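Participant: have a look at this prediction, sequence included:
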Amino acid sequence: MKLTLAESRLLKEPINIISELVSEVNIKVDKNKVELIAMDPANVVMVIFKLLSSAFVEYEVKDEKVISLSLDNLNQVFRRIKPSDTLILELDEDKNRLKIKLRGNTHRTFNLSLLHLEDREHKVPELEFPLRIETNSVIFENAIEDASIVADSVGFIVDKNKFIVKSQGNISDANIELATDEETDISIDSDDKISAKYSVEYLKKIIKGGKLADRVKIQFNKDYPLKVEYNLMDKLGLTFILAPRVSND
């Protein structure tokens, strides 16, 4: 196995984001893609990451491989990547390690020992949603950041052609409203108002996906999981599925 990635941020940034949610993962590499599916230890959020073979300048994979790694260790190496570096990954099965080469003004090589994790295959749930919101990633990020200063949970509401992000604390509240315009598209298959509540702590980690893509797709339903997707055409997809926050109100 030899993978050469000229645009190293396509792997560096997702691993940095995912490492805030999970520490050890199985990464599956086949002839078409590099794929990671994992749950956080609290089983609150699932993350699905795919980096397509078309994103690489060199992609040599004969047979499907599963690579078990500590994301903390991988992240330490990836932090040393410079924007101009080419990233090369090679699997050394004899020594049970992943060889990481950084090629730029200097040539650097790191060897990471692989872990022996049980094959915990996470099945991505089949979810159906009555609505879809597509907007600018920065707009969504700002809405979550605004709401986060008030409370530790955020309400998502879609009412006709409006998407409302709302939070309420003991003595203050925040209300951010997005309407359909040139930046935001809202599609809904119901005449009813739909609302759900989600954890700010997890949402603030999820919105970092905006570093990868200018657009974000958001889907949810009443007291139902939230699905947030960041995609780069023919390169990668980063998806989060977040459990709803049950209200005691």
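Facilitator: It's in. These numbers were taken from a predicted model, which means no experiment stands behind them.
Participant: longest helix of this structure?
Facilitator: helix 137-148 (DSSP state H).
Participant: for it, packing partners?
Facilitator: Helix 137-148 sits against strand 153-159, strand 162-168, strand 173-179, helix 200-206, strand 215-219, with contacts defined as 3 or more Cβ pairs under 8 Å, 6 or more residues apart in numbering; DSSP states H and E. No exception for glycine: its C-beta is placed from N, CA and C like everyone else's.
Participant: please redo it, this time with the cut-off set to 7 Å
Facilitator: Contacts defined by 3 or more Cβ pairs under 7 Å, 6 or more residues apart in numbering; DSSP states H and E place helix 137-148 against strand 162-168, strand 173-179, helix 200-206, strand 215-219.
Participant: for Asn75, find the nearest of these.
Facilitator: Counting by Cβ to Cβ, Asn75 lies closest to helix 200-206 out of the helices and strands packed on helix 137-148; the figure is 14.0 Å.
Participant: so what touches the closest one?
Facilitator: With contacts defined as Cβ atoms under 7 Å, 6 or more residues apart in numbering, helix 200-206 is touched by 17, 20-21, 44-45, 144, 148, 151-154, 228, 240, 242.
Participant: what do you get for stretch 136-148?
Facilitator: Residues outside stretch 136-148 that contact it (Cβ under 7 Å, 6+ apart) are 154, 165-167, 174, 176, 178, 183-184, 200, 203-204, 207, 210, 213-216, 218, 230.
Participant: and it, how far out from the chain's middle?
Facilitator: Computed by Cα atoms, centre = their mean, to the nearest Å, the chain-centroid distance of stretch 136-148 equals 16 Å.
Participant: now swap in stretch 205-225 and tell me
Facilitator: Taking mean C-alpha positions (Cα atoms, centre = their mean), stretch 205-225 and its chain are 8 Å apart.
Participant: buried set for it?
Facilitator: Within stretch 205-225, the residues that count as buried by 16 or more other Cβ atoms under 10 Å are 205-213, 215-221, 224-225.
Participant: stretch 141-151 now?
Facilitator: If you call a residue buried by 16+ other Cβ under 10 Å, then stretch 141-151 has these buried ones: Glu141, Ala143, Ile144, Ala147, Ser148, Val150, Ala151.
Participant: what do you get for stretch 167-181?
Facilitator: Residues of stretch 167-181 classed as buried: Ser167, Gln168, Ala174, Ile176, Leu178 (neighbour count, 16+ other Cβ under 10 Å).
Participant: cool, stretch 18-26 as well?
Facilitator: If you call a residue buried by 16+ other Cβ under 10 Å, then stretch 18-26 has these buried ones: Ile18, Ser19, Glu20, Leu21, Val22, Ser23, Val25, Asn26.
Participant: among these, name the ones in helices.
Facilitator: Using DSSP H, the buried residues of stretch 18-26 in helices are Ile18.
Participant: wait, which of the buried residues of stretch 18-26 is closest to Met1?
Facilitator: Once Cβ to Cβ is applied, the member of the buried residues of stretch 18-26 that ends up nearest Met1 is Asn26, at 15.0 Å.
Participant: contacting residues around the closest one?
Facilitator: Per Cβ under 7 Å, 6+ apart, neighbours of Asn26: Val66, Ser68, Leu117, Asp119, Arg120.
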